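**Q** quick check, what structure comes out for this input:
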Amino acid sequence: MGLGYSALAQVDIRRSARPLLHALSQHTNSSVHLAINDELNMQVLDTYWHSAVFVIDIGSRVPVATTSLGRAYVCALPEDERKVMLERIRAKRPAKWPNTRRRFEEAFRDYQRYGFCLALGDWRREVNAVAAPLDPGDGTKPVVIGCSGAAFQLPPELLRHDIGPRLVALIGNLRSTLSRQE
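**A** Prediction:
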């Protein structure tokens, strides 16, 4: 029930984001996703792709711990909620926690420096991705927009220097659009 309500609360964001997500997928030839949190997963609400090799379907759930969508979400949380989420991840994956913790530390640095987070083969070895959060500003949880694709199509340099900055700009445009709708 909570996820359904949360998803419904994001209708304006979905509607406003669609042309921007579509344009980014066309430009990058990759999958572009809009996702919300669902416990230790991120649920994809919308997805667009041009002729991407890798596609995540609407309704799919991907792990918070190993994806750029999840890392961006955690980075956007207030400190107290972030600590709770990281503890839940540690408790669920104790053997993998040292590596997971290092990846989150990298994500926090990237988010502070660039406004986006990367996942380079962490969830699936053959997939690279970048994501950034959007705080709706209405008291609801952050939504996350991400771009993913086959590692050979999306090398780290392209994600860091081109697609990541485009994603941050897209979120800025979306934030402006949403503020004009209020």
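
**Q** tell me how far the residue nearest to Leu159 when sequence neighbours are not counted lies from Pro136.
**A** Spatially, and ignoring its direct neighbours in sequence, Leu159 is nearest to Val130 (4.4 Å; C-beta to C-beta, 6 or more residues apart in numbering). All C-beta spots, glycine's among them, are computed from the backbone N, C-alpha and C. With distances taken as C-beta to C-beta, to the nearest Å, Val130 is found 21 Å from Pro136.

**Q** when those two are compared, which one has more neighbours?
**A** Counted by other C-beta atoms under 10 Å, Val130 and Pro136 do not tie: Val130 has more neighbours, with 33 against 16.

**Q** thought that one was touching Tyr114?
**A** No - using C-beta atoms under 8 Å, Val130 is not in contact with Tyr114, being 9.3 Å away.

**Q** determine which residue lies closest to the centroid of this protein.
**A** Here the mean C-alpha position of the chain is nearest to the C-alpha of Leu69 (C-alpha atoms, centre = their mean), at a distance of 2.6 Å.

**Q** show the pLDDT at His50.
**A** Reading off the confidence values, His50 has pLDDT 70.

**Q** and for Leu20?
**A** Here, the pLDDT recorded for Leu20 equals 92.

**Q** ok, now Thr28?
**A** For Thr28, the predicted pLDDT is 89.

**Q** which residues touch Ile89?
**A** Contacts here follow C-beta atoms under 8 Å, 6 or more residues apart in numbering; on that basis Ile89 touches Leu40, Val64, Ala65, Trp97, Thr100.

**Q** these in helices, which ones?
**A** Judged by DSSP state H, those include Trp97, Thr100 as members of helices.

**Q** the nearest residue to Gly121 once chain neighbours are set aside: how many residues sit nearby?
**A** The shortest distance from Gly121 to any non-neighbouring residue, by C-beta to C-beta, 6+ apart, is to Ala151 (6.0 Å). Using other C-beta under 10 Å, Ala151 has 18 neighbouring residues.

**Q** rewinding a little: specify which member of the contacts of Ile89 is nearest to Tyr73.
**A** Tyr73 lies nearest to Val64 out of the contacts of Ile89, by C-beta to C-beta, at 6.5 Å.
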